[in-house]
Structures are given as structure tokens and as C-alpha cells.
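Enquirer: Mind looking at a prediction? Sequence and model below.
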Amino acid sequence: MARLRRAIAEIEAEASRPSERPARRLPFARAFDSALGGGLADDALHEIAPARPQDGAAAMGFALALAARFINHRPASALIIGEGFAAEESGALYGPGLVAHGLTLSRLVFVRAPDAALALWAMEEALKCGAPAVVVGEIWSLKGYSLVASRRLLLAARKGRTPALLILASAYGQAERLSSAAETRFEIAAAPSAATPAAAGLDLPGPFACGARLIKARLARAGPFVDAVDSPSKDGRPSERPMDGVHDQRSRLQTHDPGRVIRLEWRSQDMTFKDMTFKDMGVDDQAISLPLAAASGDRPRAAAGRR
Amino acid sequence: LTTRRFLSLWLPRLATDRARRLGGVDKRAPLAAVAKIDNAQRLVCVDAQAAQLGLSLGLSLPDARARFPALIVAEAEPAEEAQLLTRLCDWCSRYTPLAALDGRDGLMLDISGVAHLFEGEAALIEDCRARLSAQGISVVIGAAGNPRAAWALARFSRMRTAPEPLSDKAFVKLFHDLPLAALGLDEKIVADMARAGLRRIGDIAWRPRAPITARFGAVPMARLDALKGLERSSIAPRFRPPDFCAERQFASPIQTVEAIEVQLRKLADDLVVLLERQAKGARRIELSLYRVDGAMRRIRIGASRPLNEARAIVRLIAERLASPNEDVIDAGYGVDLMRLACLTAEPLAPSEAELERAHEAERARSLAELFDRLFARLGARAVTRRELIDAHLPEQAEAATPAALGEARRRGAEPPAIIEAAPARPLRLFARPEPIEALAEVPDGPPLRFRWRRVLHDVTAIEGPERIVAAWWRHAGAPTRDYFRAEDSEGRRFWLYREGLWGRETMRPKWFVHGLFG
């Protein structure tokens, strides 16, 4: 099975390898960067799904935090494309809230599409054009979102060298079962924020925090020596779990445990994610995601809290 | 001085022609339109046959019925007639872009310098009359060097065309026998002048001006000057003439959409040549299709940067036609004239500057192209930018503007966002706050738990209240809102508010979810 999977990955890598520069990767959180080969590729499709029905706002918050990092990285406009129904169901994006989340409002262009098909069309056009820093999409209806549709988005992203973040707002609980051509898929759950104690009564809630799970990371294009880690393992496969102190890059890229939930806190002032999983463990020094230019360092000690 | 020519189209039988166009009226029977005037049904419009019978306007309906029982009567509908007149005006723009409405029953066309395109003025008038009568509209056309004279000739004279330039002798012959009403004066002034023995234009033309002005006001003499062409007059056309325009007439009307597309491509090529001569690009473009049966269709598109490529123009129009809220082209009986006009042209950016900022310009260009495609398919209002507004009510704190306005206008530096000092605002806001059932320790305290969309949430952390009151000088009596930022045991953060101050505004405050934090 593993051999077949590898063979498929190789064929795909061969077919889709453009002769241009390799994708630039944007690091965002230590716990994920190594599994992603250095960070999120800036010319690929990344899917984000909520874990439970009411985690949609957390998924959007995560996507917008990533978008803020992408915009910071490449100063250009960003497009936020949404299916009209999603805005009715879970509220429209709110300008003052976006500013508080660390986004520059003048850089954002909002597109409202009447249905998912048109939203995907608008995303594809925006990606192909290559001008936006990042294209964020939110669709509610999954009916028209298939392997073919996601493949179109991926190819458009590669053609325009623009990252695409797609929120599948109604895919709660299905994140492991979806099949698509996306390079990565995250499942996002709401997480209690770092509350500050109040003088009386209940604590004060802190900034945006979420629990992120990397379900899929296709690394077919990362380099000649890299294998793909695609579909999740059902049983958690203990043999693939990263071992402490493994420094071999190859094995580091190969292995990521999709069952692991990383708790992230977003600091909108300096646009970094803080890994709260480590804070819980008392390892605070390396917990903040790297500045953009930094190379990947050692893998942090990861005996993290399993789900 | 260039000679100018005006056509006045008088449609004396508009109401009855409209009734006949609707069908269902016996073709041989006389027809009249009636309206209620001073509590009596009176004829306001008679067709040719009824006029032959001697029926005149203003006759009361019972009188007319008594004399001719076979008379068919239709109700006059001024609104519908005005609409028909507007459509005819649009249709007339096939002759000249300067076509204007003229009262309730007339049109005014400025045909200066266009007659030769139709093989002379006489041929143009004949063509217009023939096409309109084929549509069932009877028309009287007067032509002269100024609008006032054309108007008078169409309505009051047997000689419908005044030569240009107009000699004094010809003026006397043409106009001196016309009644004073031909000057377009009020009925009251006409009656006053008739009492003084002044009935025809000739009666005042030879007299000294001062006494007439002293007695009847300045209007009659001013009108007379206008009639002579001494006063420069112009008309207010329904549409501004386009800067650039390309058109094609077809000897036999084309009926298929494919043929229209082929012609569109040719028109776009023609238009681009015109634009290129002046190094300009089109910002707003309009395609007009004139159908044989008098209907006409306009399709307008906008571009966020000056366009001078035929391919791009054709593609934008095609996108617009593919959009779900645009009707398909209905060629009907066929299209006999197509016109592609550039309504607004702007100079193309100079090339040096473009070289300097080649990369950025390229990006802006492709972004503009992208916006155009999105506008064409989704509508301009679906693509917006937003800005913050200093307002107390959360739902008024931002404003969306169409991204079509372009970036150039909003280059100004964004005010620095003060994140720490600003109160927390949610990522998503419900357009309509959703009511919840909330349980609080005390009626004016923070909630302990609440039920939203049938799910119970236990509050574990909370911040608030932040009191927001609507501007009392605008929304008098709007209840006060106390906002809370609440986190439940699962880590979801909500923006809740309680409406109404307990004990002062209401005894049962209502609770709402207004937004969701990330």
C-alpha cells in the first residue's frame, strides 16, 4: 500500500513539476512547518475545515490569520471571496473585527458570489491573474466541490503563483473523508483563549486561539527525495509518529501525525502564531513562529498532547 | 458659421397609434382616445379616419357618439404614451446622437452634418417617415435651421421645409401667415394679443418692438428672434453624444446571435482604430442594437483601466451577456443597425512611466482586468472594498464601496490601526442580531449561560459590559445595548448584547448574539 502510494506521488510530482522556481514556503507555526517542508507553499491550494458545526468562526479566524501573514509577506491586495449563503448563515465579515485581527482593510477586496460554483469560478480567475497576495474563499455548499474542481484551483494557483485558502464551511466532521487535490488540509476547532484573571467574577477572554490539526500534507513537489504523506492513517500508526531528537530531514518530512491537535494563539500585533501546546509543557522559548526569512531549525520536542 | 439643421417630429396621433399597435382594433373603424377633462369625457386624440369624419379635439364623448355610433374609443394613458415616445426617441438616435424629447407629442433631432450619410436631408426625412409609419406611427416632420422654426413648420404650416440660409423674402413667405400660436406662446398671451388685433406672426414682425414688449412681456419678441435664427438655440439630447463610435447598417437584417457576435468583433476593430488615432482607451462602452420593429437594446460595460484592445472589449461584452442577471439577446425580426460607442475615453498611460513601474503596473493591470471580469459576471456591487467609519452603532461602523472606483483614489495612507486601545470587535457580524435565551445572576449582570441555535453554552470567561447608545438625536427611543465578549466552555467566543436598561427602559431585557469572534 505504501509503495503504491509512493508510486502515485512520484507520477504526480513528475507530471506537475513546473520548471520554474520552487514554491516559496511561508513558515507559520513550528509544529507544522517541518511536516509541510518549511511552511505553507505560496502557490498551492490549502483547505480549512471546521471540526464541529459551530467552529466556523474559528476556521475563518485561522484562515484570515494565515492571509494576514501572506499579505505581510507580499504587499498586494488580497481577495476574500464568499458564497452569499455563508455570510447569511454565520454573519458577514466585519471591518473593525478584521482590523483588530491584524489585517489592513485597504488591502482587502471583498467578493460576494451568489452560489458556490460562482465563488469557485471567481477564485480560479483571481488565482490565475496572479496579482493578489492571497485569495481566501469560503464556500458552504460542497456539492460542486470535487476532485476536478479542486484540481482546477490548484493549477490556477500554480499558474498565478498565488496561495489559495479555501474554507469549507459545512465540512465539519468530514475533513478526513474529503478527497481533493489540495496540498494541505487543516481541521480547526475553537479553543479556549489564554484568559486573564479579572478582579471579580469570571476571567476575561484572551485573543484568538484555535486547535489546529493537519490532516493532509502533500509534499510531492518539495524535492526529489521527498515522499508524500497523504491520506490520514486510521489507526494513528504509532510507527510513523515522530521520535524525539530525530534530525534526519527525510524522516522529518515524511512523518506527521494527523491526529495531533496543536493549540495556536494568534498575536495580531506582530502577526505570529504562538504555540500554546508548548506553553502548557513549560517550553516557552521556541514557541513563537519564526520570522519569515529564518531557516528551519531543529524540530521542537514534540511529545504533545494527543487527542 | 456652420449651418445647423433641426428636424421636429410631431406625432399628433400618438394615443390612437398606440392603441392600434396594441391590436384588437378594427382597422376600418374610426378611433378616438378620450380623457376626463373638467368632469367630462372629451376626445384628446383622433385618428385619420375620425378626423375625416369631422370629429375634432375637445368634443365631448356623448356628442361624438351621437354623431357616429360606430366610433371606437380608447382610454388615453399619458404615462404609457410618454414611455412610447421615449422609446421612439431612443430609436431616433439611429439618425443622430442628438435626439431629444419635445413636449408630450414631439421629438427634436439635431441633424447638422449627418444628412449626407442618408443621401440628403429629403431622403432622411422620407426614410424616417417610412420607417415610423411601418411601425404604425404617423408623423409630421418639419425641417429648419433652428428648433423653433422646425417646430412651427411641423405643426402649423403646409410647407414643411425651410431653406438655409433663410432670406428675408423666404421668411415672410413661410412664416408671416402662421398664427401666433406657432411661436409656442401661452394661450393667455395669444388671446390677449388677439384682442389687440394681433393674430398672425406677420402682424408683429413689422411693428416696433418696444410697445409689444411693454404690453405683452418679452416672450413674444424673444420667440420671434428665435424663429428667425438670431438666437443661438440648442436642444437637450437624451444622451450625450459618444466620443468615439463605430456602426454598421445591414441591408438585410441579421437575426442570429452568432452573426451579431461576428459583427461585434468587426465593430470593436473599427472602434479601436478610432481610439488609437488619439492614443486613448475606452473606459465605458455601449453596444446598441436597433431592431427592425423599433425596439432597441443597450448593453453597457465599464472598464477600470482604459481599454484599447478589440479582444478585451469583445470579451467583456461576452461576459456581460453570460451573466445570470442579463437577458439574452433577442434579435426578434432582425437587427438592422449595430453601434458600438465609447462613452468615456481616457488617455492611455504614457509609456515611460509604465516602463519605470513595469512590474507594479502589470500587476495593477491584471488586477483591473480581474475586477472587470468579476463585475461582468457578478455585478459591480458584489465586488467591494471597505473602510471604517467613526460611528457608535456597530452596524454602521463600516462602509462598503464598489472596488470599481479604483485604487488611485484611495492611495492615501490608512490611519494606523490602534489595536490595543480599540474595543474588541468580532470577525463576523450578523446583519440581523439573533435572539438568544440567556440566564444571568442579576437582571443587569453578565450572562452565565445562554442558548443559541438550540445549543446551550456555558460562559467561562466574559468581558463587559461595553455600553453603546444610539445617537439620541437620530434614533429617539432606541434602547441601550450592553455588549459582552463571552467565551464558552468549548472555546468559542461570542459578541452578545442585552437590549434595554433593566428597570429604566424595560423590565424584561432581551438578549442577542450580534457577532462571532475567531
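Expert: Happy to help now that I have it. Residues are numbered from 1 along each chain as shown, chains lettered A, B, ... in the order given.
Enquirer: What part of chain A, helix or strand, is modelled with the least confidence?
Expert: Lowest mean confidence among the helices and strands of chain A (mean pLDDT, DSSP states H and E): helix A:249-254, at a mean of 42.
Enquirer: residue in the stretch 251-400 of chain B nearest to chain A?
Expert: Relative to chain A, the nearest point of the stretch 251-400 of chain B is B:Glu398 (3.5 Å; Cβ to the nearest Cβ). Heads up, the C-betas are built off the backbone N, CA and C, glycines and all.
Enquirer: As a check, name the ranges of all strands in the stretch 51-200 of chain A.
Expert: Applying DSSP state E, counting those that start in this stretch to the stretch 51-200 of chain A gives strands spanning A:78-83, A:92-93, A:108-113, A:134-139, A:164-168, A:184-190.
Enquirer: wait, which of these is closest to B:Thr384?
Expert: The closest of those to B:Thr384 is strand A:108-113. By Cβ to Cβ, the value is 5.0 Å.
Enquirer: now that closest one and strand A:134-139, what's the angle there?
Expert: If you take axes from the mean of the first three to the mean of the last three Cα atoms, to 10 degrees, strand A:108-113 sits at 30 degrees to strand A:134-139.
Enquirer: quick check, strand A:108-113 touching chain B?
Expert: Yes. Using Cβ under 8 Å from any Cβ of the partner chain, we find that strand A:108-113 touches chain B at A:Leu108, A:Val109, A:Phe110, A:Val111, A:Arg112, A:Ala113.
Enquirer: Look up phi and psi at the nearest residue to the fifth one once chain neighbours are set aside.
Expert: Spelled out, that is A:Arg112. Spatial nearest neighbour of A:Arg112, chain neighbours left out: B:Ala382 (4.7 Å); criterion: Cβ to Cβ, 6 or more residues apart in numbering or on different chains. Phi and psi for B:Ala382, reported as degrees, to the nearest 10, are phi -80, psi -10.
Enquirer: Let me see the ranges of the helices in chain A.
Expert: A:2-16, A:30-33, A:56-73, A:84-90, A:95-100, A:116-129, A:147-160, A:249-254, A:276-281 (DSSP state H).
Enquirer: contacts for the fifth one?
Expert: Right, helix A:95-100. A:64, A:105, A:108, A:268, B:386-388, B:394, B:397-398, B:417, B:419, B:422, B:424-429, B:515, B:517 (Cβ atoms under 8 Å, 6 or more residues apart in numbering or on different chains).
Enquirer: List only buried entries from those.
Expert: Burial by neighbour count, judged by 16 or more other Cβ atoms under 10 Å in any protein chain shown, picks out A:64, A:105, A:108, A:268, B:386, B:388, B:394, B:397-398, B:417, B:424-429, B:515, B:517 from the contacts of helix A:95-100.
Enquirer: For chain B, which residues score under the pLDDT cut-off?
Expert: Chain B contains residues with pLDDT under 70 at B:1-2, B:233-234, B:325-326, B:349-359, B:404-423.
Enquirer: Over in it, which residue gets nearest chain A? Let me know.
Expert: B:Gly518 (2.0 Å).
Enquirer: Surely that residue touches A:Gly206?
Expert: No. The pair B:Gly518 and A:Gly206 does not pass the contact test of Cβ atoms under 8 Å, sitting 11.9 Å apart.
Enquirer: neighbour count winner among these two?
Expert: B:Gly518 (28 against 16; other Cβ atoms under 10 Å in any protein chain shown).
Enquirer: which residue packs closest to the more buried one, ignoring adjacent ones?
Expert: A:Gly61 (2.0 Å).
Enquirer: which residues sit in contact with that neighbour?
Expert: By Cβ under 8 Å, 6+ apart, the contact set of A:Gly61 is A:His101, A:Phe208, A:Cys210, A:Trp266, B:Leu427, B:Phe517, B:Gly518.
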